[in-house]
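Asks: take this sequence and fold it.
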Amino acid sequence: GFSMEELARAADLDASELLVIEDDVHYVPGPRTVYKLAETFAVSQRLLMQLAGLAAANDVGFRQEAVRFAARSESVQK
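Replies: This is a model prediction of the structure:
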């Protein structure tokens, strides 16, 4: 339910980085960015780090569930 600007403000991140995260599937955000997003959305930092490619996933089903979630999600720009 956040606009890009609201999310940037809430997470104390630069909106341009959030746009890159959304638009470039090869972009790997830094640990601070992942930490701030996990904190903002109240999700597991460990799992978000795995999803971002900054840590190895121990759970084989995690990536599949993340892809299913992303496929059902709306674009942040909308």
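Asks: other SSEs contacting the helix ranked longest in the chain?
Replies: As assigned by DSSP state H, the longest helix anywhere in the chain is helix 60-72. Using 3 or more Cβ pairs under 8 Å, 6 or more residues apart in numbering; DSSP states H and E, the elements in contact with helix 60-72 are helix 45-51. C-beta here means a position set from N, CA and C on the backbone, and glycine is covered the same way.
Asks: that older thread, chain center to the longest helix of the chain: distance?
Replies: Its chain's C-alpha centre and that of helix 60-72 lie 13 Å apart, by Cα atoms, centre = their mean, to the nearest Å.
Asks: and that helix, C-alpha only, in PDB?
Replies: Taking C-alpha atoms only, helix 60-72 is exported to PDB below (Å, rounded to 0.1, in the frame of the first residue of the first chain):
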ATOM      1  CA  VAL A  60      14.800 -25.400  -1.000                       C
ATOM      2  CA  GLY A  61      11.100 -24.300  -1.100                       C
ATOM      3  CA  PHE A  62      11.800 -20.700  -0.100                       C
ATOM      4  CA  ARG A  63      12.800 -19.500  -3.600                       C
ATOM      5  CA  GLN A  64       9.800 -21.200  -5.200                       C
ATOM      6  CA  GLU A  65       7.500 -19.600  -2.700                       C
ATOM      7  CA  ALA A  66       9.100 -16.200  -3.300                       C
ATOM      8  CA  VAL A  67       8.600 -16.600  -7.000                       C
ATOM      9  CA  ARG A  68       4.900 -17.500  -6.500                       C
ATOM     10  CA  PHE A  69       4.500 -14.500  -4.200                       C
ATOM     11  CA  ALA A  70       6.100 -12.200  -6.800                       C
ATOM     12  CA  ALA A  71       3.900 -13.500  -9.600                       C
ATOM     13  CA  ARG A  72       0.800 -12.600  -7.600                       C
END
